Structure formats: C-alpha cells, structure tokens
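>>> what would the 3D arrangement of this be:
(one chain, ligands or ions: 1)
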Amino acid sequence: MTRLRCARCGADLTTDLVEIPLPDWRAPERPEDVHPLMPPGTYAVDPRGVSTRPHGTVVVNPADAVGLREHDDAMRLSGCCRRDGLDGPNQLCASCGAEVATLQDDCWVDWSTLRFESTAVLHAEATPTTDIHQGEQHMVDVPIAELRADLASWIARAQAGDEVVITEQGTPVARLCPVESASLVERLVRDGVLTPAKNPRTPSKSIRRIQPTPGPPISGLVGEQRR
Ligand SMILES: [Zn+2]
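Residues are numbered from 1 along each chain as shown. Model prediction:
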C-alpha cells in the first residue's frame, strides 16, 4: 500500500493505493460511456513513460484523489464536456499550488484517468493498516516498485529488526528479514526450544587427562606384527 504525496509540500494527494499493471486501454470490451481505467484503490505506472499524452505516468482512479484543485488557467481545463487533458497538467496540489496531475474525463475519451507527474509526487508508506506489531518487531508490506525505488532504507529497516514482506500486485511474494547473528544455542533458548541449565556443570577436575607417553614409533610395532 502506498499514498502519493506532493513532492513540494508533502501533502497527501491520494488515498492508500495498491500497484497493479496498467490495464489495457485498448480492451475490446471497453464500455460505451467514459469509465475509470483504474479500479478504485489502485495505481499503475504507464510503461510508455513521459511521452504520453496526456502527461503523467502514475495513473490512478480520479475518485482516489485528495487535496487537489483545478488549475487557475482556464486553457488547461479545456475540453468538450469536461477536461480533455491535452493542454498540460490541469490539477494542482491544493496545499501549495504545484502542478501535479492531469485529469482526463472528457466525453470522447475511452477512459477517465488521473495521471500524476512522476516528478511531482512522492510515494509515501501507507497508513499502518498492514503494520502488524509482533512484540518488538514490525511486519510491514512493500510493493516491489517501492522497494526498488528505496532499497537502502528498506534494508536498513530489516536490519533494525522489522520483517518486510514484499508484495506483487498485493500478493506477498518474498520476505526481507535481518541475518541472524545469534548462535544456534542462543536462538534455540530464545525460541523456547532449549532451557539453559540452572546450575551449569563444569568438567570435573578429578578426571585426569591421559597424556601420551613418549615411546618407539608405531611404524616399528606395525612392522613387527607383519613378520
Ligand atoms: Zn503541494
């Protein structure tokens, strides 16, 4: 889960979202009316990159946006019935006024989309609905794309003792956890498998170690036996 935040002021710009692959906008069963391309609660990164028209590569369902307002320049809001999104970003961060996204929901477009400029938004860790406390540790989900974008800090988090569950399209696929540095015995004691002795025994001093006594080499004895 992730939220998009304004890169300039840090204000939340979406609700919590899960990354999915960009749905096929050429789908033959596309509806007659304009519908959102993205299911609610999801986002996708457009693999076509910044050359897309309208602009913006992080695609979300318009209903999942928060803290946005229309652009002050009416030219940006042009369209037939609604906004065609072809004149540059038309949505501003309501907190700081940064141009952050392009809304396209005009009557003639195939799908309605809200596209955030990848440089205008930050991915914030979602509100801790998936942050499960396990004693001193935390378990937290992270989508692969987010992990890749900020690998070092996720590794630091795992080293600090958190269990990081890596998800692909919302499904857990792998786990990042700290390398166990305690000895096997310490771990078994900690996990309750072993119980340390109350009175640890020390080797008895009364047992005398047998010291080898110098004598003829054994090869001589072997040779003797063979005769
Ligand atoms: Zn802002």
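>>> so R69 is in contact with C96, correct?
No - counting by C-beta atoms under 8 Å, R69 stays clear of C96, with 10.9 Å between them. Quick note: C-beta positions are derived from backbone N, CA and C, even for glycine.
>>> ok, these two, which is more surrounded?
The residue with more neighbours, out of R69 and C96, is C96; 14 against 11, by other C-beta atoms under 10 Å.
>>> list the contacts of that one.
C6, R8, C9, A11 (C-beta atoms under 8 Å, 6 or more residues apart in numbering).
>>> mind checking the SS state of the second one?
Same thing as R8. When classified by DSSP: H, G, I helix; E, B strand; the rest coil, R8 comes out as coil.
>>> tell me the spacing between it and A197.
Distance, R8 to A197, by C-beta to C-beta, to the nearest Å: 62 Å.
>>> higher neighbour count, those two?
The neighbour comparison of R8 against A197 (other C-beta under 10 Å) goes to R8, with 16 against 7.
>>> what parts of the chain come near the ion?
Proximity of the chain to the ion, by C-beta under 5 Å from the ion, involves residues C6, R8, C9, A11, C93, S95, C96, A98.
>>> buried ones among those?
Among the residues of the chain next to the ion, those classed as buried by neighbour count (16 or more other C-beta atoms under 10 Å) are C6, R8, A11, C93, S95, A98.
>>> wait, the second one sits on A98?
Yes - counting by C-beta under 8 Å, A98 is a contact partner of R8 at 4.5 Å.
>>> which residues do these two both contact?
Contacts common to R8 and A98, judged by C-beta under 8 Å, 6+ apart, are A120.
>>> flag the helix or strand of the chain with the lowest per-element mean pLDDT.
Among the helices and strands of the chain, strand 132-134 carries the lowest confidence by mean pLDDT, DSSP states H and E, at a mean of 45.
>>> taking the centroid of this protein, which residue is nearest it?
V142 (2.3 Å; C-alpha atoms, centre = their mean).
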